[in-house]
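[1] Below: sequence and its predicted model.
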There are 4 protein chains.
Amino acid sequence: MAEKKKVISTVKDTDLIKKRREQMIRASIELFKQKGFHQTTTREIAKQSGFSIGTLYEYIRTKEDILFLVCDSVYELVHSRLAVALNREEPPVEKLMNVVELYFHIMDEMQEEVLILYQEVKSLKNESKNYIIQKELDMVSMLTKLIKCTNPQKVSDGDVEIIANNVFVQGQMWGFRRWAIQRNFTLEQYIAKQVKYLKRALLINDGSES
Amino acid sequence: MAEKKKVISTVKDTDLIKKRREQMIRASIELFKQKGFHQTTTREIAKQSGFSIGTLYEYIRTKEDILFLVCDSVYELVHSRLAVALNREEPPVEKLMNVVELYFHIMDEMQEEVLILYQEVKSLKNESKNYIIQKELDMVSMLTKLIKCTNPQKVSDGDVEIIANNVFVQGQMWGFRRWAIQRNFTLEQYIAKQVKYLKRALLINDGSES
Amino acid sequence: MAEKKKVISTVKDTDLIKKRREQMIRASIELFKQKGFHQTTTREIAKQSGFSIGTLYEYIRTKEDILFLVCDSVYELVHSRLAVALNREEPPVEKLMNVVELYFHIMDEMQEEVLILYQEVKSLKNESKNYIIQKELDMVSMLTKLIKCTNPQKVSDGDVEIIANNVFVQGQMWGFRRWAIQRNFTLEQYIAKQVKYLKRALLINDGSES
Amino acid sequence: MAEKKKVISTVKDTDLIKKRREQMIRASIELFKQKGFHQTTTREIAKQSGFSIGTLYEYIRTKEDILFLVCDSVYELVHSRLAVALNREEPPVEKLMNVVELYFHIMDEMQEEVLILYQEVKSLKNESKNYIIQKELDMVSMLTKLIKCTNPQKVSDGDVEIIANNVFVQGQMWGFRRWAIQRNFTLEQYIAKQVKYLKRALLINDGSES
DNA sequence: CATGAATGAGGGTTCATTCAT
DNA sequence: TATGAATGAACCCTCATTCAT
């Protein structure tokens, strides 16, 4: 687990910092969706956030900080939404499938946000980038563990890892390849198919296929 | 098939255009790898290309043209390299597997280029973007056809499409998630695993698994 | 009467806008006099104005805006200076002559400014150009009215219009043909002569000619 | 009379020089009409002239040379067209009136060219500018002489000079204030009126007015 | 003589960041 | 804390001019 990376602020009041940053993040996501990180100016972000450019810079140091806050926040959100299913007590296979399904639904709802993450993370400086990458790795390893709990007898650890990555990317794929997939499939259809291949990969036969 | 989109040049000599643009593309890929499209200046591209900024603008109209040229060239290269395996006469299943393997190898060799494509295409204006997206769709549909030739009896057309997309993305994934995958697997291992899941998804049993 | 055309500014403080724009206008007139609009760079204008190029662009959108501001300001100044004589209560003929004389004096004092107007208005885009042209038309029509008040019995409306235009241009001519006129005549001589022809044209006989 | 100012050419063949320069001048006038001198590029001039940019520079040294050639050519044309009426043997008053009328007609036909002259001469360097100004002075003095031949008894030399300048400018005014004048008057009406005021200024009573 | 590819200084404009109020 | 005017480095792009062919 990575240490919480700190973005420095001139302001002391932590509640205010939290509030203002939430405004910034919401505003930035909105703008990044439309125009991407580089095409969005700090002035626009300040305006959309509802305060002045001067105030903006009281809560961050550089424009890149904003990108980092956005990326961090997106991951945090995905993570927290996933927690619901992760903490449920269920038979392993069932739980895995529920988590995967939920994950796909989240990816659907947060398509735009994930797209931002996907395309802009590279603009982060190394330290921040590694922090975000670490978060992804954490999520994948969570998935890995979940799969292992289903005790797939004939599937090696290496296989599990690749399969976890596949699932992870297939979730994002629904959003970032929407022009290829969403025109022919509903989300439910897409999930059903990917879940089916997942089971085949894991050699799980639950009788849903004859 | 999309029409060949033309980038306008002031220079008339077509051979020269080709030569200079190749210089530009090579230079740009080099730079985009390091710093991304937005952080790279046209002056840097000119310098790296070996000519002056004025000359650069004799062969393109805007900076975006360069990005388009780069994207187009990357796809063209992938396409032409894939053609070798596509034109071979082989039994369907064998051919599919060979194409997929070759595709993964190409994705390995062209990791950086594909990464550029993935992260910067969004910066293209609509017309150019659609042209590039169309090229991707063409490649996927090529894969789709190939899969259908293997006559997977119990796999629907919809399944084939999703599976083709999966394979396509898994190839790119080797490059753009290298920090997650390449630390634990060699390319050959990765290919072997993905091919295995592909077969399972397609319900192909060739006896390579007991 | 044309609506006041607005030049957009990033800055909100209207007093500051006024002040800074006055600086810009003064600086620009100085430079345009010497080198013309096209040969003057925005950087030079900023420097002469006493602020940075960045600040310059806080108060305008494009270089053309500056030209517009200059043209507008010159007309405004001519107009306001003329108002003094226009608002005086006098016998019509006397008033006309006083206005014309004042107009010639203003044209003398503002030679350079009027020259700019004269040579650069064409560089304005249509909307701005029309606005400025309208201002000229307004001034001429003011002169026309004034002439009509003198009740020139045997002079048609058409004649009045042409004569008003003649006077208008003769005023500017003192400046833009200085190399032809100012070497042989003083301003007073020039005015005396033009006023004399004006009276002849209008068939006014006030006994000043025997 | 000013000495013929020379524009230097690399090419020796004088006939060719003449031919090529005529092409350039025609092309330039066309382009300057539309976009003005500064907005027109040398490339555009070369293209419109029907030869390459390289060839263009075989016949001139700088872009300003082209402007000079254009200005010179316009004056030459006005001059030669006026010669017809100047060389006719006629009674002085009649001749003056015929020349003035012809001058107004020429100004009408060459509106655009004269406009160029008016707005761009300032862009010439001093030497060239003075040469062109001298040509104007020559034309005005020609008019002055013509007026003096009519023996206007009660009109001083100073008056004659100003009146000549007035007529000269009124001719140009038809073109450069077309938006003020041409909407309300035909050329013939305009000429009739200006001729009428000219006579009044010169105290010529030919009985055409009661 | 004619061509047109090459050059690079310089132009207009933007925008992240600072700092006095 | 909040504001927003000020800054200037840096960007993309143009175009007059040159010169090898």
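    Ah, there it is.
[2] ok, the closest residue to chain D within chain A to residue B:186 distance?
    Closest approach between chain A and chain D, counting by CB to the nearest CB: residue A:39, at 29.8 Å. All C-beta spots, glycine's among them, are computed from the backbone N, C-alpha and C. Per CB to CB, to the nearest Å, residue A:39 is found 39 Å from residue B:186.
[3] Going by secondary structure, the residue nearest the centre of chain A is in what exactly?
    Centroid check for chain A by CA atoms, centre = their mean gives residue A:75 as the closest residue, at 4.4 Å. Element membership of residue A:75, judged by DSSP states H and E, is helix A:63-86.
[4] If we go by neighbour counts, what in that helix is buried?
    A:63, A:65-75, A:78, A:82, A:85 (16 or more other CB atoms under 10 Å in any protein chain shown).
[5] Report whether it contacts DNA strand E.
    Yes - if you take CB under 7 Å from any atom of the strand as the test, helix A:63-86 does meet DNA strand E, through A:63-64.
[6] ok, then the element right after that helix?
    helix A:92-109.
[7] Pick out the residue of chain A closest to chain C.
    residue A:43 (8.7 Å).
[8] Backbone dihedrals for that residue, please?
    Phi and psi for residue A:43, reported as degrees, to the nearest 10, are phi -60, psi -40.
[9] Could you tell me how many residues sit around the closest residue to it other than its chain neighbours?
    Excluding its sequence neighbours, the residue lying closest to residue A:43 (CB to CB, 6 or more residues apart in numbering or on different chains) is residue A:53, at 5.4 Å. Neighbour count for residue A:53, taken as other CB atoms under 10 Å in any protein chain shown: 14.
[10] go on, residue A:106?
    The local packing of residue A:106 (other CB under 10 Å) involves 19 other residues.
[11] Smallest gap between chain A and DNA strand F, at which residue?
    Residue of chain A nearest DNA strand F, by CB to the nearest atom of the strand: residue A:54 (2.1 Å).
[12] anything in the longest helix seen in chain A sitting right up against DNA strand F?
    Criterion DSSP state H: the longest helix present in chain A is helix A:14-39. Yes - applying CB under 7 Å from any atom of the strand, one finds helix A:14-39 in contact with DNA strand F at A:16, A:20.
[13] Flag every residue of chain A that's near chain B.
    For chain A, the residues in contact with chain B (CB under 8 Å from any CB of the partner chain) are A:36, A:38, A:118-119, A:122-123, A:133, A:136-137, A:140, A:158-159, A:161-163, A:165-166, A:169-170, A:173, A:177, A:179-181, A:184-185, A:189-190, A:193-194, A:196-197, A:200-201, A:203.
[14] can you do 6 Å?
    Applying CB under 6 Å from any CB of the partner chain, we find that chain A lies next to chain B at A:38, A:119, A:122, A:133, A:162, A:165, A:169, A:173, A:179-180, A:193, A:197, A:200-201.
[15] which parts of stretch A:55-63 are buried?
    So, applying 16+ other CB under 10 Å, buried residues of stretch A:55-63: A:56-57, A:59-60, A:63.
[16] Give me the subset of these lying in helices.
    Per DSSP H, these map to helices at A:56-57, A:59, A:63.
[17] For DNA strand F, tell me whether stretch A:118-136 is touching it.
    No - judged by CB under 7 Å from any atom of the strand, stretch A:118-136 makes no contact with DNA strand F; its nearest approach is 14.5 Å.
[18] what residues does that stretch touch?
    A:2, A:5, A:37, A:67-68, A:71, A:75, A:176, B:119, B:122, B:179 (CB atoms under 6 Å, 6 or more residues apart in numbering or on different chains).
[19] again with stretch A:86-103
    Contacts of stretch A:86-103 (CB under 6 Å, 6+ apart): A:85, A:146, A:149-150, A:171, A:191.
[20] same question, stretch A:146-166
    The contact list for stretch A:146-166 (CB under 6 Å, 6+ apart) reads A:92-93, A:96, A:140, A:143-144, A:201-203, B:180, B:193.
[21] Now for these: which two are most distant?
    A:93 and B:180 (24.5 Å; CB to CB).
[22] which two from the ones in helices among the buried residues of stretch A:55-63 end up farthest apart in space?
    Among those, the pair separated by the greatest distance (CB to CB) is A:59 and A:63, at 12.4 Å.
[23] coming back round to it: residue A:93 and residue B:180: who's more crowded?
    residue B:180 (21 against 17).
[24] centre of the chain versus the helix or strand that contains that one, how much separation?
    If you go by DSSP H and E, residue B:180 is part of helix B:178-181. How far helix B:178-181 lies from its chain's middle: 19 Å, per CA atoms, centre = their mean, to the nearest Å.
[25] After it, which helix or strand is next?
    helix B:187-202.
[26] now that following helix, how far from the centre of its chain.
    With CA atoms, centre = their mean as the basis, helix B:187-202 stands 20 Å off its chain's centre.
[27] circling back to that earlier point, now distance to residue B:11 too, for the contacts of stretch A:86-103, in JSON lines please.
    Output for the contacts of stretch A:86-103, formatted as JSON lines (distance: CB to CB, whole Å):
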{"residue": "A:85", "distance to residue B:11": "60"}
{"residue": "A:146", "distance to residue B:11": "59"}
{"residue": "A:149", "distance to residue B:11": "64"}
{"residue": "A:150", "distance to residue B:11": "62"}
{"residue": "A:171", "distance to residue B:11": "47"}
{"residue": "A:191", "distance to residue B:11": "52"}
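[28] Tell me the one of the contacts of stretch A:146-166 nearest residue B:30?
    Closest to residue B:30 out of the contacts of stretch A:146-166 is residue B:180 (25.2 Å), distances taken as CB to CB.
[29] that older thread, what kind of secondary structure is the residue of chain A closest to DNA strand F in?
    Following DSSP: H, G, I helix; E, B strand; the rest coil, the label given to residue A:54 is helix.
[30] Report the buried residues of the longest helix of chain A.
    Quick answer for helix A:14-39 (16+ other CB under 10 Å): A:17, A:20-21, A:23-25, A:27-32, A:36-38.
[31] domain assignment for chain A?
    Split into domains by automatic domain parsing, chain A comes to A:8-61, A:64-201.
[32] Kindly reformat the ones you listed as JSON lines containing distance to residue D:102.
    Shown next, in JSON lines, are the domains of chain A (distance: least, CB to CB, whole Å):
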{"stretch": "domain A:8-61", "distance to residue D:102": "62"}
{"stretch": "domain A:64-201", "distance to residue D:102": "71"}
